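In: Next comes the sequence, and after it the predicted model I'd like to discuss.
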2 protein chains.
Amino acid sequence: MNREWEILQIPGPTPIPPSVERAMVQPMIGHRGQKCKELVEDIAPRLKPIFGTTGDVLVLSSSGTSALEAAVVNTTSPGDEVIVVVAGAFGDRFAKICNTYELDVHRIDVEGGRAVEVAAIEEQLQAHPNVKAVFITHCETSTGVMHPVEEIAEKVHDASDALVIVDGVSSIGGAPVDMDGSGIDLLVSGSQKAMMLPAGLAFVAVSDQAWKVINDNPRPRFYLDLRSYKKSLDNGQTPFTPALSLLFGLQEVLSLIEDEGLENVHERHRVMKEMTRAAFRALNVPLFVSEEDASTTVTSVRPQTFEAEQFRKIANQEFGLMTAGGQQNLKGEIFRIGHMGYSRPANVLQYISIIEIVLKRLGHDFEQGVGTAAAQEAYLQATRELD
Amino acid sequence: MNREWEILQIPGPTPIPPSVERAMVQPMIGHRGQKCKELVEDIAPRLKPIFGTTGDVLVLSSSGTSALEAAVVNTTSPGDEVIVVVAGAFGDRFAKICNTYELDVHRIDVEGGRAVEVAAIEEQLQAHPNVKAVFITHCETSTGVMHPVEEIAEKVHDASDALVIVDGVSSIGGAPVDMDGSGIDLLVSGSQKAMMLPAGLAFVAVSDQAWKVINDNPRPRFYLDLRSYKKSLDNGQTPFTPALSLLFGLQEVLSLIEDEGLENVHERHRVMKEMTRAAFRALNVPLFVSEEDASTTVTSVRPQTFEAEQFRKIANQEFGLMTAGGQQNLKGEIFRIGHMGYSRPANVLQYISIIEIVLKRLGHDFEQGVGTAAAQEAYLQATRELD
């Protein structure tokens, strides 16, 4: 299938809105001039509500993983005890980074498809009272699980002085997070998921409590030293040459989100989740994650009557519909659909209808149209009647 | 609805493929230099199969109506008798141009929603043996009727020496026309329909027979003088400064059509027509045009249980789905859906599913999902099983 015809419904990178594409092709500017200062100072306050904070949201020119690494190197020293919740590939990545930086990692492994039990974290905190930080993934992209990070943050702070560090790469912009209200200390994200940009920007939102730790932390770091970003930002600058075209695009993304209204953006994602899940239930194709643990930005499906990879291949070859496969031990077991960023109910209606045709090709037994009808019904339930 | 979210399913202008958008933003070149000559000489032969001819296809930098006018001013002189088939707004436009240029116009008015009877043309030719040209619209965009222009061309040539002049603005690129085989003399089109470009280019394909008439025709004309275009084209030039960005785009459009294969392009349009019509039949919303007269590029619907304009308003406001209303006496009576150019079965699946939701809003009585199921079934019938 020619790339012109692709329908990109993987959980990131996600499609770029046309106005953002246009914004990104502006002429370059000097990164130490007044225009860049205006750009940086325009973006900084507008990012805050998306991260649920009135504190600093730092923008790094690097991809999402660098924000995870920045969270680790800025808050910890070798030998520090940390808890890492691992419920999939991205929790595992947090753990790997912590191991790389010689931390004493207490892993809480959670079975694929389930959110972590808050009690399990409390138990680990009791068992290891010196834990300096709890690392947790908000949306575990590899499984479509969304962990209750706000509740976890509150419970961790009730029980200890540990920082709560959240990977929001595939949730921020698509799901609400009350960082300040729940006491999350670091909330990191990337540009290529619900933020509707190409990869290349990383975001790190930092609480006051976290700044104390970061400022006192002696671990060597340079490009990822958040103190440099903070010091520069206070002067309307970036410490190193920023990815300017992505900043131009980010400015337009912020306008799109503000025009739609952040609450409406989050509601749109919730509706897409409900529509997608309703369709697969009606089609009798099992969802991998239970209703209460399911992400609003990515849905995982674990087919029983056909091969996940065969499904993906036909959807791709016949309709250019790009979905994601399973990772690690879920390879070949599940497929994943991203519905975040520049995606909306009309996109869900399209991919569900395509999927019904693919299921026919695969010989899956269902009544033609029932998946679509269920998605439509979920949409109608979620929206008020028009006047 | 923000323009970022629009789903443009009107019968032109149509969406532009991303690679065509990119092709159009190349730096300007001199229009008398070698690069422009290469551009013009690359495009000319590649246009021919799309018009079903081995003859000249001239490219004018102007919109589709100019090609209609060029057809009139190049082939006729004041007082000439002509036949014009008028089955809607665009047939009417041909007649208006003929009247403007002081021709003796014999109109064949056809009721909206019906194709012209070939016998009616034959009768007019018998009644007016001096007729110099027969003007006919291939796809009457205002109603979604497709006239049998190939059969008409054959019959006209059997009965007279009149030229057969066809408006292919909303068909060329979406429907096959055997210009040479059927003896069509002028076949004109525009860039903004199935040719996947913005408006701004007009195409005029000319038969040898037509050239004789054009070359001998004393009527004054300048910008639309096809002799200038022919003379320039034979030297790899254009007579006036061409719309270069559109030519850059056209080059990419030709590559897209060639990559897909022209027959496959036409088949894709036929399938979209079948899917769309099957859906409305299943939804019990009357189609305006009968099966045998229906266009492969635009479908007209004449609702009975709800207002066409109310339908269009909700589809637009809630989903950004842009459809077209009726024109002239059909205003408020029908709505029209374009499915041509950068559109494919996946787009039909999307708009049908959206339309089902809009029909619910309007209180139309149907079983949720039956329209989608019918479109899917039409698609499955039209395509072979995958291996």
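Out: It's in.

In: where does the residue in the stretch 101-250 of chain A positioned nearest to chain B land in three-state SS?
Out: In the stretch 101-250 of chain A, the residue that lies nearest chain B is A:Met196 (9.8 Å; C-beta to the nearest C-beta). (Glycine included, C-beta is placed from N, CA and C.) Three-state assignment for A:Met196 (DSSP: H, G, I helix; E, B strand; the rest coil): coil.

In: number of nearby residues for it?
Out: 26 (other C-beta atoms under 10 Å in any protein chain shown).

In: Quick check: chain neighbours aside, which residue is closest to it?
Out: A:Gly341 (4.3 Å; C-beta to C-beta, 6 or more residues apart in numbering or on different chains).

In: tell me how far the lowest-mean-pLDDT helix or strand in chain A is from the chain's mean position?
Out: When the helices and strands of chain A are scored by mean pLDDT, DSSP states H and E, helix A:18-24 comes last with a mean of 95. Relative to its parent chain, helix A:18-24 has a centroid offset of 22 Å by C-alpha atoms, centre = their mean, to the nearest Å.

In: what does stretch A:72-85 give?
Out: Centroid separation for stretch A:72-85 versus its chain: 22 Å, with C-alpha atoms, centre = their mean.

In: What of stretch A:163-182?
Out: 9 Å.

In: Now it: average pLDDT?
Out: For stretch A:163-182, mean pLDDT is 98.

In: again with stretch A:90-109
Out: On average, stretch A:90-109 scores 97.

In: Stretch A:275-289 too?
Out: Mean pLDDT, stretch A:275-289: 98.

In: I'd like the distance from it to the chain centre, please.
Out: 22 Å.

In: Stretch A:240-255 too?
Out: The answer for stretch A:240-255 is 19 Å, by C-alpha atoms, centre = their mean.

In: How about residues contacting that stretch?
Out: For stretch A:240-255, contacts defined as C-beta atoms under 8 Å, 6 or more residues apart in numbering or on different chains pick out A:16-17, A:19-26, A:28-29, A:31, A:36, A:39-40, A:42-43, A:46-47, A:59, A:61, A:191, A:195-198, A:200-201, A:223.

In: Flag every buried residue along stretch A:56-71.
Out: By neighbour count with 16 or more other C-beta atoms under 10 Å in any protein chain shown, stretch A:56-71 contains the buried residues A:56-71.

In: before we move on, what about stretch A:264-281?
Out: When burial is assessed from 16+ other C-beta under 10 Å, stretch A:264-281 yields the following buried residues: A:265-269, A:271-281.

In: and the gap between the residue nearest to A:Met196 and chain B?
Out: 12 Å (C-beta to the nearest C-beta, to the nearest Å).

In: Next up, the contacts around that residue.
Out: A:Gly12, A:Thr14, A:Pro15, A:Gly173, A:Gly174, A:Lys193, A:Ala194, A:Met195, A:Met196.

In: check contacts around the closest residue to A:Gly112 other than its chain neighbours.
Out: Spatial nearest neighbour of A:Gly112, excluding adjacent residues (C-beta to C-beta, 6+ apart): A:Thr143 at 5.1 Å. Contact analysis of A:Thr143 by C-beta under 8 Å, 6+ apart lists A:Ala87, A:Gly88, A:Gly112, A:Gly113, A:Phe288, A:Val289, A:Ser300, A:Leu330, A:Ile334.

In: please redo it, this time with the cut-off set to 7 Å
Out: Shown in contact with A:Thr143 (C-beta atoms under 7 Å, 6 or more residues apart in numbering or on different chains): A:Ala87, A:Gly88, A:Gly112, A:Gly113, A:Phe288, A:Val289, A:Ser300, A:Leu330.

In: Which secondary structure state does it sit in?
Out: Going by three-state DSSP: A:Thr143 is coil.

In: So in chain A, which helix runs the longest?
Out: helix A:262-282 (DSSP state H).

In: any bit of that helix sitting next to chain B?
Out: No. Helix A:262-282 is not in contact with chain B by C-beta under 7 Å from any C-beta of the partner chain; minimum separation 9.1 Å.

In: Which elements pack onto that helix?
Out: strand A:298-301, helix A:345-361, helix A:370-382 (3 or more C-beta pairs under 7 Å, 6 or more residues apart in numbering or on different chains; DSSP states H and E).

In: check which helix or strand covers the residue most central in space within chain A.
Out: Most central in chain A under C-alpha atoms, centre = their mean is A:Ser170, positioned 1.1 Å from the mean C-alpha point. Counting by DSSP states H and E, no helix or strand carries A:Ser170.

In: tell me the contacts of it?
Out: A:Pro11, A:Gly12, A:Cys139, A:Thr141, A:Lys193, A:Thr297, A:Val298.

In: With A:Arg344 instead?
Out: By C-beta under 7 Å, 6+ apart, A:Arg344 lies in contact with A:Arg268, A:Met272, B:Trp5.

In: Quick check, pLDDT for it.
Out: On pLDDT, A:Arg344 comes in at 97.

In: Can you check the distance spanned by stretch A:239-248, start to finish?
Out: End-to-end distance for stretch A:239-248, by C-alpha to C-alpha, to the nearest Å: 18 Å.

In: cool, stretch A:50-63 as well?
Out: So stretch A:50-63: terminal residues 18 Å apart, C-alpha to C-alpha.

In: what's the answer for stretch A:122-141, then?
Out: 24 Å.

In: And that stretch, what's buried?
Out: A:122, A:124-125, A:128, A:131-141.

In: Can you list which of those residues are found in strands?
Out: If you go by DSSP state E, the buried residues of stretch A:122-141 have A:Ala133, A:Val134, A:Phe135, A:Ile136, A:Thr137, A:Cys139, A:Glu140 in strands.

In: Tell me how far stretch A:30-48 lies from the chain's centre.
Out: 24 Å.

In: Okay, buried residues for it please.
Out: A:His31, A:Cys36, A:Leu39, A:Val40, A:Ile43, A:Ala44, A:Arg46, A:Leu47, A:Lys48.

In: Show me which of those is closest to chain B.
Out: A:Arg46 (17.6 Å).

In: before we move on, the earlier item: for the buried residues of stretch A:122-141, name the two members farthest from one another.
Out: Of all pairs drawn from the buried residues of stretch A:122-141, the one with the longest distance (C-beta to C-beta) is A:His128 and A:Thr141, at 27.5 Å.

In: Return the residues of the stretch 1-150 of chain A in contact with chain B.
Out: So the stretch 1-150 of chain A meets chain B at A:Asn2, A:Glu4, A:Trp5, A:Ile7, A:Pro17, A:Pro18, A:Ser19 (C-beta under 7 Å from any C-beta).

In: Top of these by number of neighbours, please.
Out: Top of those by neighbour count (other C-beta under 10 Å): A:Pro17, with 21 neighbours.

In: So that residue is in contact with A:Tyr342, correct?
Out: Yes. Using C-beta atoms under 7 Å, A:Pro17 makes contact with A:Tyr342 at a distance of 4.8 Å.

In: any common contacting residues for the two?
Out: What both A:Pro17 and A:Tyr342 touch, as defined by C-beta under 7 Å, 6+ apart, is the set A:Met196.

In: for A:Gly12, phi and psi?
Out: With angles defined as degrees, to the nearest 10, A:Gly12 sits at phi 100, psi 140.

In: hang on, the earlier thing: tell me which of the buried residues of stretch A:30-48 has the lowest pLDDT.
Out: Ranking the buried residues of stretch A:30-48 by pLDDT, A:His31 lands last with 92.

In: Now tell me which of the contacts of A:Arg344 the prediction trusts least.
Out: Scoring the contacts of A:Arg344 by pLDDT puts B:Trp5 last, at 87.

In: who's in contact with A:Glu69?
Out: Contacts of A:Glu69 (C-beta under 7 Å, 6+ apart): A:Ile97, A:Leu224.
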